[in-house]
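>>> Model the structure of this input:
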Amino acid sequence: MMVREEKALYEFERQDTARLDSVLTTEKAFRLYDAMWEMARASGALQCGNPLEGIEVDIEVARTVNALQEAAGV
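Residues are numbered from 1 along each chain as shown. Predicted coordinates:
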């Protein structure tokens, strides 16, 4: 997606940020964050285990794809 009117976008962001700053206190923001975090964790959207688990497989797939691309001259 390309933004054609940067000035309008920046003005919108400025106004939106100012609005949020006046409505949402830091305490409310942290409570909201905590609630969203718990909701995401409870729904299984977050994997709280080892983030590097399975990385070996990902690396091997990447090596294979890259080798195939090199062989094909891409």
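>>> mind checking the SS state of residue 4?
coil (DSSP: H, G, I helix; E, B strand; the rest coil).
>>> Likewise for the one 10 residues further on?
Classification of residue 14 by three-state DSSP places it in helix.
>>> Residue 7 versus that one, what's the distance?
10 Å (CB to CB, to the nearest Å). Where C-beta positions appear, they are placed from N, C-alpha and C, glycine not excepted.
>>> same thing with residue 13?
Residue 13 is 11 Å from residue 7, by CB to CB.
>>> Quick check: phi and psi on residue 44?
The phi/psi pair for residue 44 (degrees, to the nearest 10) reads phi 90, psi 10.
>>> What score does it have for pLDDT?
With respect to pLDDT, residue 44 scores 81.
>>> need the contact list for residue 32.
By CB atoms under 8 Å, 6 or more residues apart in numbering, residue 32 lies in contact with residue 24.
>>> Okay, and it sits in which element?
helix 26-43 (DSSP states H and E).
>>> ok, then the element right after that helix?
helix 55-72.
>>> Buried ones in stretch 67-74, by neighbour count?
Under the neighbour-count criterion of 16 or more other CB atoms under 10 Å, stretch 67-74 has nothing buried.
>>> just for the protein, where's the confidence low?
For the chain, residues meeting the criterion pLDDT under 70 lie at 1-3, 20-21.
>>> one more time with 80, if that's ok
1-4, 16-24, 46-49, 51, 74 (pLDDT under 80).
>>> residue contacts, residue 37?
Here residue 37 is in contact with residue 46 (CB under 8 Å, 6+ apart).
>>> Now with 6 Å, please.
Residues near residue 37 by CB atoms under 6 Å, 6 or more residues apart in numbering: none.
>>> how about residue 25, phi and psi?
phi -80, psi 170.
>>> Tell me, how many residues neighbour it?
By other CB atoms under 10 Å, 10 other residues sit near residue 25.
>>> Report the separation between it and residue 15.
19 Å.
>>> try residue 35
Applying CB to CB, the value for residue 35 to residue 15 is 26 Å.
>>> try residue 66
45 Å.
>>> for residue 54, same thing?
Relative to residue 15, and taking CB to CB, residue 54 is found at 43 Å.
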